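Q: No sequence on hand, only this structure:
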Ligand code: NAD
C-alpha cells in the first residue's frame, strides 16, 4: 500500500483531539486527558510529614529500617529465629531531566507501537472505532495505570490509594525522546502499517508524525536470529569488525544524547529473539575476556551483547526485553565494574504473568500442580522468528523457570532433592517439580493477537484431581508496550537513587552514598526470567515482585510497607 493510500487526507490532519497539546506536549486542560496520562501536580502529590524524611532542594532524603529474620536450623530439626534490623538512608534526586529512550528493534511491532502510543498521548490524538471515539491512554502500565495503598484516612478509616507514578518523581512517558535502531530500514509510518497492531483511523493520523522517522542502521549477525528474518535486513552497519560495531553503537548513543539535549538515555532491546550464546571460558565469562572477544570479533558475541556492552560503557541503563542470555557473566561483571545498570530478560506480558499468579495461588492454597502444559500460537514477526528451533529454545528456557520458586517454597507438597535422594538412593540435585511444557507455533492468520492455552492439572484432597484450562487471547504488542514504558521509567528512576548504611559510625568508616547494585532486579514484575544479582535467588511470584517494588518506592520516602495486617480491624 502506498503512503498516500495510508493517509488519504494528507495535509488535513483531522485529529479528533479534544484537549489541545502545546509544542512540548503539555495539555492545557489535564482533566480531559485519560487518567493514566495525567501529569502530577507541581511539586508532587505526596508529602511525608516525618523527621526521618527530608525534602531538600536536590531531592528526597529518607531513613529506612530493613527488618528481617535470620533463621537457623538446628541439629534437632528445629528453627531458631533472630530478628534483624539494618538502617539505611536513601536519597532520590528529584530532577528528572530530559530522558531519551532508544529501542533496539524500533521498527518491529513493539517498537512501532511504543512510538505510536507515545505520540498519540503526547498530541492527544483520539480516533474513531465502531464503538465510538477512543482516547489515547497508558492502560496496562504498572507505573501509569496502577495505584499504591498509601495508608488510611484517619477520619473515615478508608484506604487512600495514589497512582504509582506519583510515589516519586518519574519521567512522564509523553516526555521521552524516542529513537533507536532496526536492521529493517522501513520508515516508522510504514513499519506501523506492517505491524498491523493499531486501528486504521489512528494510524492514518499518526503518519505525519512518523513518516520522517527512520531507524538507525544496526548490527546483523545472521547466525543469531532466524534465517527467515534475512529478507528484512536492509539497514545494516557495514563490516564484520565487532569492535567497530561496538564503537559505532556507543557513538549513536552519544550523538542521540547531544542532538536532543538529553540528560539521560535508556537503551532497551525489543528486537528479535536471538539464540542463546554459549558461555565459554576465556571468551565471555569475565569482563576482560568479553572485551577481548569483541576486539577479536569472536563468533559467540551476539548483537544484543554488543548493545549491552555499549550501554554499560556509555553509563546508560540497558534492558533486555527478549529471552536470550544477552547479559552473559562477562557482561554482568562489566556492569559491576562501571557501576552501570542492566536489567532483563524477556517482557512478561501474557501467559507467563498469568502462570506466575495461578501457580502461586494453587501452591499457596495447598493444592499440588502435577503438570502445566502451555500452547501458544501467534502470527506476527516474533512468531515467525520463534518458529526457528534455536530461537524458540531461548523462549522455552525463559518461560520454563517461572514456577520454580513457588514449588521450592512448599516442601510439604513437593519433595526436596535430599528427600528424593534418600528415597530412591540415587543422588538428585533437583527436587520434585510439576511437569512443564511450552509449545509455540506460528499461525500467520492471527497476526499480533496471540492465543495462549494453558492446562493446570493438580492433585486435590484424598487423591482427587483438578483440571483448569485457560484460554488467553491478547494483542501481544498492546501488552508489551506499556511494560516497555514501565521498564524505562523505573530504570531511569533507579539511576537517581543512592543509599548509605547508617549502621556505621559517622566519620571514619562511614559509608559514602552509593548507587544501587548494577542488576536492577526491582524490574522483575515486568520480566519473565528476571536477572538478579549472581548468587541470589530469583523471585518469580508476581505478588512478591509487586510488593518489592511498592516497598522500595515507600522506603525511598521513609515509609514502611505495612502489608495487610490491618491491625486496627483485628483488635478492639
Ligand atoms: P518484531 O519481530 O515485530 O520486531 C523485532 C524487530 O527487531 C524487527 O523490526 C527486526 O527487524 C528488528 N531486529 C532484529 N534484529 C535486530 C538487530 N540486531 N538490531 C536492530 N533491530 C533488529 O517483534 P516484537 O513483536 O516487536 O517483539 C520484540 C521482541 O520482544 C521479541 O524478541 C519478542 O520475543 C520479545 N517479547 C515480546 C512480547 C510481546 O510482544 N508480548 C513479550 C515478551 C517478549
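A: Here it is on my side, so go on. Source: prediction; values computed, not measured.
Q: Check which helix or strand residue 245 maps to.
A: Under DSSP states H and E, the secondary-structure element containing residue 245 is helix 242-259.
Q: contacts for that helix?
A: Contact partners of helix 242-259, identified using C-beta atoms under 8 Å, 6 or more residues apart in numbering, comprise 100, 102, 177, 179, 181, 216, 219, 237, 239, 262, 265, 267, 293-298, 301, 306-307, 309-311, 313-314, 316. No exception for glycine: its C-beta is placed from N, CA and C like everyone else's.
Q: Contact distance from the ligand - what residues of the protein qualify?
A: 104-105, 107-110, 181-184, 218-220, 225, 232, 270-273, 303, 321-322, 346-347, 349, 380-382, 385, 476-477, 479-480 (C-beta under 6 Å from any ligand atom).
Q: coming back round to it: got the angle between the very next helix or strand once past the helix holding residue 245 and helix 242-259?
A: Using DSSP H and E, the helix or strand that follows helix 242-259 in sequence is strand 264-269. Between strand 264-269 and helix 242-259, the angle formed by their directions is 140 degrees, by axes from the mean of the first three to the mean of the last three C-alpha atoms, to 10 degrees.
Q: so after strand 264-269, what's the next helix or strand?
A: Using DSSP H and E, the helix or strand that directly follows strand 264-269 along the chain is helix 287-295.
Q: If we go by neighbour counts, what in that following helix is buried?
A: Residues of helix 287-295 classed as buried under the neighbour-count rule (16 or more other C-beta atoms under 10 Å) are 287, 289, 290, 291, 292, 293, 294.
Q: what's the answer for stretch 212-220, then?
A: 213, 214, 215, 216, 217, 218, 219, 220.
Q: Now tell me what touches it from outside.
A: Here stretch 212-220 makes contact (C-beta under 8 Å, 6+ apart) with 104, 106-107, 111, 115, 179-185, 187-189, 191, 233, 235-237, 245, 249, 252, 271, 303, 306-307.
Q: Out of the buried residues of helix 287-295, which is nearest to the ligand?
A: Nearest to the ligand out of the buried residues of helix 287-295 is residue 294 (C-beta to the nearest ligand atom; 15.1 Å).
Q: Distance check, the closest residue to that closest one other than its chain neighbours against residue 390.
A: Ranked by C-beta to C-beta, 6 or more residues apart in numbering and with sequence neighbours excluded, the top spatial neighbour of residue 294 is residue 242, at 4.9 Å. Taking C-beta to C-beta, to the nearest Å as the criterion, residue 242 is separated from residue 390 by 20 Å.
Q: Kindly report the same for residue 87.
A: When distances are taken as C-beta to C-beta, residue 87 and residue 390 turn out to be 49 Å apart.
Q: cool, residue 478 as well?
A: Separation of residue 478 from residue 390 (C-beta to C-beta) stands at 28 Å.
Q: The two: who's more crowded?
A: Each of residue 478 and residue 390 has its neighbours counted (other C-beta atoms under 10 Å); residue 478 has more, 19 against 15.
Q: And the residue of the stretch 101-250 of the chain closest to the ligand?
A: Taking C-beta to the nearest ligand atom, the stretch 101-250 of the chain has residue 108 as its residue nearest the ligand, at 1.9 Å.
Q: circling back to that earlier point, model confidence over the helix holding residue 245, on average?
A: On average, the pLDDT along helix 242-259 is 98.
Q: just stretch 313-330 next, same as before
A: Across stretch 313-330, the per-residue pLDDT values average to 96.
Q: Next: stretch 418-436.
A: Taken as a whole, stretch 418-436 carries a mean pLDDT of 90.
Q: distance between the ends of it?
A: Using C-alpha to C-alpha, to the nearest Å, the gap from the first to the last residue of stretch 418-436 comes to 22 Å.
Q: Can you give the distance from it to the centre of its chain?
A: Stretch 418-436 sits 34 Å away from the centroid of its parent chain (C-alpha atoms, centre = their mean, to the nearest Å).
Q: heads up, I number from 29, so please use that
A: In the new numbering, first residue 29, that becomes stretch 446-464.
Q: Next, the buried residues of that stretch.
A: 448, 459, 460, 462, 464.
Q: Filter those down to the ones in helices?
A: Mapping these onto helices (DSSP state H) picks out residue 448.
Q: which of the buried residues of stretch 446-464 lies closest to the ligand?
A: If you rank these by distance to the ligand using C-beta to the nearest ligand atom, residue 464 comes first, at 18.0 Å.
Q: Was I right to think that closest one contacts residue 400?
A: Yes - in this structure, residue 464 is within contact of residue 400 by C-beta atoms under 8 Å, at 4.9 Å.
Q: residue ranges with poor pLDDT in the chain?
A: Regions of the chain meeting the criterion pLDDT under 70 cover residues 29-56, 426, 533-538.
Q: Residue 91 reaches residue 114, doesn't it?
A: No - with contacts counted by C-beta under 8 Å, residue 91 stays clear of residue 114, the gap being 11.7 Å.
Q: What's the local residue count around residue 174?
A: Residues within reach of residue 174, counting by other C-beta under 10 Å, total 16.
Q: And stretch 388-403, end to end?
A: 20 Å.
Q: my bad, should have said stretch 119-137
A: End-to-end distance of stretch 119-137: 37 Å, with C-alpha to C-alpha as the criterion.
Q: For that stretch, buried residues please.
A: 119-122, 124, 127-137.
Q: re the thing from before, next, work out how far apart the residue nearest to residue 322 and residue 86 are.
A: In this view, residue 270 and residue 86 are 40 Å apart by C-beta to C-beta.
Q: quick one, which of these two is more surrounded?
A: Using other C-beta under 10 Å as the criterion, residue 270 and residue 86 rank with residue 270 on top: 23 against 10.
Q: if I look at the more buried one, how far off is residue 212?
A: The spacing between residue 270 and residue 212, counted by C-beta to C-beta, is 21 Å.
Q: Helix, strand or coil: sort out residue 75 for me.
A: Per DSSP: H, G, I helix; E, B strand; the rest coil, the local secondary structure of residue 75 is coil.
Q: my guess is residue 383 contacts residue 482, does it?
A: Yes - using C-beta under 8 Å, residue 383 makes contact with residue 482 at a distance of 6.5 Å.
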